[in-house]
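Student: Sequence and predicted structure, then a few things I'm wondering about:
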Amino acid sequence: MSAPPAAFAAFVAGATGYVGREVVRELARRGGRTVAHVRPDSPRVAEWRERFAHLGAETDTTPWAPEPMAATLARLAPTHVFALLGTTRARMRRTAGVAGPAESYDAVDYGLTRLLIRASAGAGSRPRVIYLSSVGVNGTTRNRYLAARWRAEEELRASGLPYIIARPSFITGPDREERRPAERVSAAVADAVLTVAGALGAGRLRARYRSTTAPALAGALVRLALDPAGASRVVESEGLRS
Ligand SMILES: NC(=O)c1ccc[n+]([C@@H]2O[C@H](COP(=O)([O-])OP(=O)(O)OC[C@H]3O[C@@H](n4cnc5c(N)ncnc54)[C@H](OP(=O)(O)O)[C@@H]3O)[C@@H](O)[C@H]2O)c1
């Protein structure tokens, strides 16, 4: 007899990203209701709708604004909300000078994550929020990327919702659709250095900073999310390897 489908309803923000699409795949594979969010202004909405339907997931295109997002989450009453979005320096360069709100770590990584957390808190279903943060995040950093993520973490900790904060190291792999040669080279160099460091006895350093792939990370995120006994906590990268 096959196992009954898992009883959950998950909303995935950042579903079109390298990690997001793997999280959608893994959730749908487990048989719960999976709603993949795609921003309504994405030029690829139709393509994503088809891809997610093929995986067994629904697509939602609620605008990134407080009231519509709150209404959508109240209607869906999710048990789990995944916050997997963030901008990059390349995206910021591409959108600089283009009409519309400026992209920045503050506006996207912090601002949209905060919007999502607040909508989740108002949904009435008390979902567990799984936030994809980053290795190196702390309360004293002067790095803008890490600082935006620290503020998003603080928002989640103060929300009263159950949560998992995941802090992975480099996420890379040959299956990333967007070409990021610099990131792949950095990850490869870091992995090589860490292999040597590991051989010299710095095993903990290697466990924390060596790179991972989206499928491996997605498997770990979904496992942590669906663990009924899992308490709210921060999970560092060594705890995110499937
Ligand atoms: N890559 C790494 O090595 C690494 C390491 C640690 C932590 N992280 C963090 O983990 C998160 C996910 O990583 P990833 O590699 O999956 O990222 P990714 O492939 O770049 O995906 C980013 C996601 O964020 C969405 N997004 C970006 N700007 C947006 C905006 N202005 N409005 C609405 N949505 C927006 C994208 O939507 P569209 O597809 O519609 O643009 C996409 O769904 C990132 O936030 C990243 O900072 C990454």
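Tutor: Yes, it's here. Residues are numbered from 1 along each chain as shown.
Student: so A166, which of the three states?
Tutor: Here A166 is strand, with the state taken from DSSP: H, G, I helix; E, B strand; the rest coil.
Student: What distance do you get for it to the ligand?
Tutor: Taking C-beta to the nearest ligand atom, to the nearest Å as the criterion, A166 is separated from the ligand by 8 Å. In short, each C-beta sits where N, CA and C put it, glycine included.
Student: That residue reaches A225, doesn't it?
Tutor: No: using C-beta atoms under 8 Å, A166 makes no contact with A225, being 9.6 Å away.
Student: Need the residues touching each of these two.
Tutor: Taking C-beta atoms under 8 Å, 6 or more residues apart in numbering as the contact definition, A166 and A225 share the neighbouring residues I130.
Student: Show me where this structure dips below the pLDDT cut-off.
Tutor: 1-6, 101, 176-185, 189, 191-194, 196-206, 208-209, 242 (pLDDT under 70).
Student: The ligand contacts on that one?
Tutor: 14, 16-20, 39, 42, 64, 84-88, 91, 103, 108-109, 112, 132, 134, 168, 170-171 (C-beta under 6 Å from any ligand atom).
Student: Mind listing what's buried along stretch 79-88?
Tutor: T79, H80, V81, F82, A83, L84, L85, G86, T87, T88 (16 or more other C-beta atoms under 10 Å).
Student: Contacts for it, please.
Tutor: If you take C-beta under 8 Å, 6+ apart as the criterion, stretch 79-88 is touched by 8-15, 17, 19-20, 23, 73, 103-105, 107-109, 112-113, 116-117, 120, 125, 127-132, 149, 152, 221, 225-226.
Student: pretty sure Y105 is touching A148, no?
Tutor: Yes: with contact defined as C-beta under 8 Å, Y105 reaches A148; the gap is 3.9 Å.
Student: list the contacts for A96?
Tutor: Residues in contact with A96, defined by C-beta under 8 Å, 6+ apart, are A102.
Student: now with 10 Å?
Tutor: Listed by C-beta atoms under 10 Å, 6 or more residues apart in numbering, the contact partners of A96 are A102, E103, S104.
Student: now do Y110
Tutor: G86, S104, R144, A147, A148, R149, W150, R151, A152, E153, E154, E155.
Student: What helix or strand is the closest residue to it other than its chain neighbours located in?
Tutor: The spatially closest residue to Y110, leaving aside those adjacent along the chain, is A148, at 4.1 Å (C-beta to C-beta, 6 or more residues apart in numbering). For A148, the enclosing helix or strand under DSSP states H and E is helix 144-157.
Student: Tell me the gap between that helix and the middle of its chain.
Tutor: Relative to its parent chain, helix 144-157 has a centroid offset of 13 Å by C-alpha atoms, centre = their mean, to the nearest Å.
Student: Could you measure from the most centrally placed residue in the chain over to L221?
Tutor: For the chain, the residue nearest the mean C-alpha position is L84 (2.0 Å; C-alpha atoms, centre = their mean). With the distance defined as C-beta to C-beta, to the nearest Å, L84 ends up 8 Å from L221.
Student: Report the set of residues contacting both of the two.
Tutor: Between them, L84 and L221 have V19, E22, V23, I130, Y131, L132, A166 as joint contacts when contacts are counted by C-beta under 10 Å, 6+ apart.
Student: element containing the closest residue in space to the third one that isn't next to it in sequence, please.
Tutor: It refers to V23. Counting by C-beta to C-beta, 6+ apart, A218 is the residue found nearest to V23 once chain neighbours are left out, at 4.5 Å. Taking DSSP H and E as the definition, A218 sits inside helix 214-226.
Student: Break down this structure into its strands, ranges please.
Tutor: When secondary structure is read from DSSP state E, the chain shows strands at 9-13, 33-37, 58-60, 80-83, 128-132, 163-167, 233-236.
Student: can I get these in a markdown table with distance to G139?
Tutor: Written out in a markdown table, the entries for the strands of the chain read as follows (distance: least, C-beta to C-beta, whole Å):
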| stretch | distance to G139 |
| --- | --- |
| strand 9-13 | 24 |
| strand 33-37 | 29 |
| strand 58-60 | 33 |
| strand 80-83 | 19 |
| strand 128-132 | 16 |
| strand 163-167 | 13 |
| strand 233-236 | 12 |
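Student: Thanks a lot, catch you later.
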